[in-house]
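Enquirer: below is the sequence, then the predicted model.
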Amino acid sequence: MRKIEYFYSAHSAYAYIGSAKLAAICASHDMVLEHRPIALSPVVEAVGGLSFADRTQAHVDYYFGREIERWADYRGVEILNHRPTYHDNALDLSNGMLIAATVQGADVDTLAHAVLQAHWRDDIDLAEPEALMAVANRHGLDATPLLDAALSDPIQAIHAANTAEAITRNVFGSPTYGLDGDMFYGQDHLELMERAITQPYAPNTFKNP
C-alpha cells in the first residue's frame, strides 16, 4: 500500500482541523499513514519562523485565531474559542505516546485524532498522564503500555529522529504531509495532496534566483 508521511505535533490546531479529512482521504484511496510526531518549535525555528511569543499580536490573532475559526467551520470541526489552557506544556509525553502506539502496533490513527481533539475541543493537558489515559481508554485502547513507553529512551530517540528529519527536509510546521517525496504543508493543502494520489503533478522546475 502507498503511504502518506505525516509530520505533526500532538498539540497542533491545524493537524486537528485536518485530521478527519486526512483519514477520509486515506480510506478513499487505500493509503497508509506513517506517523512522524515532532517537537514543533525547533522545526519552525530551523526554517526561520518565529516562536509564538515573538510574533506580533496581529499575526497571532489572525493565523491562530480567525483562521482557526474559519477552517474549523469549513471542515465541520468542534474547537475551543480560545488557545488551550495548557498549550505551552511539554509534548514529550503525548508525542511519545503516539510513537509508542506505532511501535506497539496499536491503532495510532484513532489515537492521534483523539489526542488532537481532546486538546483542542476538550482543553486537556497533554503533559498529564491521567488525561491521556482517559482519552485512550475512551477509544478502546490500552493506555498503560503506551504511557509506560512514551518517555523511554528508545521512543524519545525516535521523537528526536523525526524532528531531525523534519529539519533536514525543510518541513515548515505542523501538519506537513509527504506523498511520493513531494511535501504538502498545512491542512489547507489536503485537497491538493489528494489530487496528487491519482494525478501526480509534474516535477518541480521552478527556479529562484
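Expert: Perfect, thanks for sending it.
Enquirer: so is Y6 in a helix, a strand, or just coil?
Expert: At Y6 the chain is in strand, as set by DSSP: H, G, I helix; E, B strand; the rest coil.
Enquirer: beta partners of it?
Expert: Beta bridges link Y6 to H35, Y177, judged by DSSP bridges.
Enquirer: tell me how many other residues crowd it.
Expert: 22 (other CB atoms under 10 Å). Where C-beta positions appear, they are placed from N, C-alpha and C, glycine not excepted.
Enquirer: wait, it sits on I38?
Expert: No - when contacts are counted by CB atoms under 8 Å, Y6 is not listed as touching I38 (10.1 Å).
Enquirer: quick check: A161 is in a helix.
Expert: Yes - under three-state DSSP, A161 falls within a helix.
Enquirer: ok, it to L33 distance?
Expert: 18 Å (CB to CB, to the nearest Å).
Enquirer: these two: which is more packed in?
Expert: Taking other CB under 10 Å, A161 and L33 do not tie; L33 has more neighbours (18 against 13).
Enquirer: right, and that one touches L22 too?
Expert: Yes - L33 sits in contact with L22 when judged by CB under 8 Å, with a separation of 7.3 Å.
Enquirer: any common contacting residues for those two?
Expert: Taking CB atoms under 8 Å, 6 or more residues apart in numbering as the contact rule, L33 and L22 both touch I4, Y6.
Enquirer: now the strands for this protein?
Expert: 3-8, 32-37, 176-179, 182-185 (DSSP state E).
Enquirer: low pLDDT regions in the protein?
Expert: 49-52 (pLDDT under 70).
Enquirer: can you pull the contacts of the residue nearest to S12 when sequence neighbours are not counted?
Expert: Nearest in space to S12, with sequence neighbours left out and distances taken as CB to CB, 6 or more residues apart in numbering, is S174 at 3.9 Å. S174 is in contact with F7, Y8, S9, S12, Y14, A15, I38, L40, V43, counting by CB under 8 Å, 6+ apart.
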